[in-house]
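> return a 3D structure for these sequence lines:
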Amino acid sequence: MLSARIAVLVSSGGTNLQALLDAQAEGRLQSGSIVLVLSSRGDARALDRARAHGVRAEAVERRAFPDAASFEQRLLELLGEERIDVVVLAGFLQILSGAFVACYAGRIVNIHPSLIPSFCGRGLYGLKVHKAALDAGVRITGATVHLVDATPDGGPILMQKAVEVLPDDTPETLQRRVMEQAEWRLLPEAVERLCRDLGAPPQTPPREQAPLEPLISFPGGGVAPPWEGSMG
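This is a model prediction of the structure:
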């Protein structure tokens, strides 16, 4: 089975990219290989992380293009050059159009730092997500890996993991714990399973649902269906 060719799109530090690179080095990501990293910011540390691992890294700054269409066209050109099979959004702060997503339908995944459908959608990213969770007074938050569609933070959920909110949490401490306990664990596993699924023999009849069954894991090792983990 051929290894899927993976591109990771980033905008800043690249800690989730690092989790993927580490998983690849350790053999936990073996059904795909990271061959391209694209950043919407030229000063993103993620570019250095990629180059340190011998991965092609390019800055494609949104402000350098007159409109979103030309920006996305450049992204598609670079993805085409590397014959990309799977696109991973790992802290990528640009919303992609439906036309872009259609080019990689069912093969773009995103990591979001909450249990979708809570604290997600346009304008909720980074520390804003964790501040919203603390303002709402929830006791459980977490992270979600999902397929990308034309709706911000939309698309079928692939995997979720819950993280406890502590009484003295700040947005910064909660962000760090969600990354360590959920994001850095979920994303490599979800990408590995998606790449493995893409390389599997076709089923009859073809599946219409997402390739990974939605699953939330809770502190203590329990699991529950997604609707039990949602927070209004």
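> only C-alpha atoms from now on, for both contacts and neighbour counts.
Will do.
> so what's the closest residue to residue 169 other than its chain neighbours up against?
Distances taken as Cα to Cα, 6 or more residues apart in numbering place residue 134 nearest to residue 169, at 7.9 Å, with adjacent residues excluded. Remark: with contacts taken as Cα atoms under 8 Å, 6 or more residues apart in numbering, residue 134 is in contact with 169-171.
> where's residue 134 relative to residue 113, distance?
As judged by Cα to Cα, to the nearest Å, residue 134 and residue 113 stand 13 Å apart.
> do residue 35 as well
With Cα to Cα as the criterion, residue 35 and residue 113 are 25 Å apart.
> okay, those two: which has more neighbours?
Between residue 35 and residue 113, residue 113 has the larger neighbour count (other Cα atoms under 10 Å), namely 29 against 20.
> drop anything exposed from the contacts of residue 134.
With burial judged by 16 or more other Cα atoms under 10 Å, the buried subset of those is residue 171.
> need the contacts of residue 134 in JSON lines (columns: distance to residue 5, pLDDT and secondary structure).
Below are the contacts of residue 134 laid out as JSON lines (distance: Cα to Cα, whole Å; pLDDT from 0 to 100; DSSP: H, G, I helix; E, B strand; the rest coil):
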{"residue": "169", "distance to residue 5": "39", "pLDDT": "97", "secondary structure": "coil"}
{"residue": "170", "distance to residue 5": "38", "pLDDT": "98", "secondary structure": "coil"}
{"residue": "171", "distance to residue 5": "35", "pLDDT": "97", "secondary structure": "helix"}
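> for the contacts of residue 134, which one is nearest residue 39?
Residue 39 lies nearest to residue 171 out of the contacts of residue 134, by Cα to Cα, at 24.7 Å.
> low-confidence ranges, the chain, go.
1-2, 200-232 (pLDDT under 70).
> where along it do the strands fall?
4-10, 32-39, 56-59, 86-89, 108-112, 140-147, 157-164, 216-217, 223-224 (DSSP state E).
> in this protein, which spans are helices?
Under the criterion DSSP state H, the chain carries helices at the ranges 15-26, 45-52, 68-81, 98-103, 127-136, 171-178, 184-198, 226-229.
> residue 121 is nearest to which of those helices?
Comparing those by Cα to Cα, helix 127-136 comes nearest, at 9.8 Å.
> now do that closest one and strand 108-112, the angle between them.
Per axes from the mean of the first three to the mean of the last three Cα atoms, to 10 degrees, the angle that helix 127-136 makes with strand 108-112 is 50 degrees.
> hey, what's the angle from helix 127-136 to strand 140-147? Just curious.
Angle between the axes of helix 127-136 and strand 140-147 is 140 degrees (criterion: the same axes, to 10 degrees).
> all set, thanks.
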